[in-house]
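[1] Sequence and predicted structure, then a few things I'm wondering about:
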Amino acid sequence: MTVAQAILIALLYWISQAKIWYGFSIMRMPLCIAPFIGLIFGDIPTALQVGATLQMIYIGSIAPGGNPPADEGLASCIAIPIALTAGIDPTVAISLAIPLGLLGVVLENVRKTLNTFFVHMADKYAAEGNVRGLQLSATLYPILLAFPMRFIPVFIACLFGPEAIQAFVNMLPEWITHGLSAAGNILPALGFAITMIVIGKKQYLPLFVIGFFIVAYTGLSTVGIAIFGACAVLMIMQFQREGTTSESEA
């Protein structure tokens with residue numbers, strides 16, 4: 001991997017974690033990051049393959065209280081380049097990247113702790129009526145503080161990681177490599193299990209079972225299933241709205 005590629009990936013990670021507005025948070029997801037990494041390396045299909053596998057792990061990931069259980073962006077920006085440059089099987093690369101995703105949570109907690117300084121600064125500017133200072137304290141200063149914490153770890157991991165990890169993998173016994181591959185295949189099931197817990201309300205379980213067997217026996221694409229699912233949701237919302245209206249009129 002070249003220095004330029006490592007810089008671009010590190011910048012991509014920093015931008016994906018900027019959280020400039022609420023909807024921008026989706027940029028940290030593996031499937032959003034994978035196409036950009038694929039463009040950097042000129043291998044979009046492989047990048048999407050690794051990104052899709054990694055996405056299944058985090059598909060049910062939630063952040064209770066604003067505290068994510070793992071850093072999907074950091075795991076993506078390390079696992080995908082490793083798989084592309086070192087020729088490592090995607091499942092092995094993902095298994096190696098998962099602990100780094102947990103490391104990203106530690107960095108995130110450090111960032112939030114340091115950001116409390118800007119909160120007090122914003123309180124001071126608010127008391128003074130300094131709108132410009134308040135805006136900078138709430139936006140620009142935290143983003144600039146996060147730059148070295150986001151950029152440096154990913155740059156170092158991407159620049160030196162593939163060769164080091166490839167040498168490490170070559171030293172591993174075959175049974176460990178197979179174990180990592182098995183773990184990489186099991187982790188997506190964990191992501192689906194978390195999703196089932198999140199949406200596992202009794203009244204919605206029949207819809208989940210119906211959707212599963214439609215996929216299993218009809219061979220419909222993901223797009224087709226998504227269309228059917230969206231229509232079912234709209235119908236349920238309409239029925240609930242009509243039921244609420246009837247109760248209020250009664």
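    Nice, I can see it. Residues are numbered from 1 along each chain as shown.
[2] how is this structure carved up into domains?
    For the chain, the structural domains run 3-199, 200-250, going by automatic domain parsing.
[3] all helices of this structure, in order?
    3-16, 30-41, 44-58, 72-86, 90-128, 131-138, 140-171, 174-199, 205-218, 222-249 (DSSP state H).
[4] While we're on Thr244, how confident is the model there?
    At Thr244, the model reports a pLDDT of 70.
[5] for Pro64, that is, sorry about that
    On the pLDDT scale, Pro64 gets 51.
[6] Can you list the low-confidence ranges for the chain?
    Counting by pLDDT under 70, the chain shows low-confidence ranges at 20-25, 60-69, 88, 90-91, 93-94, 96-98, 102, 161-172, 175-201, 246-250.
[7] rewinding a little: what's the most buried one of the domains of the chain?
    Looking across the domains of the chain with neighbours counted as mean count of other CB atoms under 10 Å, the highest average goes to domain 3-199: a mean of 17. Placement of C-beta: from N, CA and C, glycine included.
[8] got the phi/psi numbers for Asp43?
    phi -140, psi 70 (degrees, to the nearest 10).
[9] Can you tell me how far the closest residue in space to it that isn't next to it in sequence is from Thr2?
    Of all residues not flanking Asp43 in the chain, Leu84 sits nearest, at 5.6 Å (CB to CB, 6 or more residues apart in numbering). From Leu84 across to Thr2, the span is 13 Å (CB to CB, to the nearest Å).
[10] Let me see the contact set for the residue nearest to Asp43.
    Listed by CB atoms under 8 Å, 6 or more residues apart in numbering, the contact set of Leu84 reads 37-38, 41, 43, 46-47, 50.
[11] For those residues, name the two members farthest from one another.
    Within the contacts of Leu84, Phe41 and Val50 form the most distant pair, 11.2 Å apart (CB to CB).
[12] for the contacts of Leu84, which one is nearest Gln17?
    Lowest distance from Gln17 to the contacts of Leu84 (CB to CB) belongs to Ile37, with 14.9 Å.
[13] Please tell me how far the closest one sits from Ala75.
    Distance of Ile37 to Ala75, given as CB to CB: 12 Å.
[14] what's the answer for Ile9, then?
    13 Å.
[15] List of residues touching stretch 28-47?
    Taking CB under 8 Å, 6+ apart as the rule, stretch 28-47 contacts 5, 8-9, 12-13, 16-17, 26-27, 48, 50-52, 54-55, 58, 71-73, 75-77, 80-81, 83-85, 90.
[16] wait, isn't Leu107 in contact with Leu100?
    No: applying CB atoms under 8 Å as the test, Leu107 and Leu100 come out as separate, 10.3 Å apart.
[17] joint contacts of those two?
    Counting by CB under 8 Å, 6+ apart, the residues touching both Leu107 and Leu100 are 71, 74.
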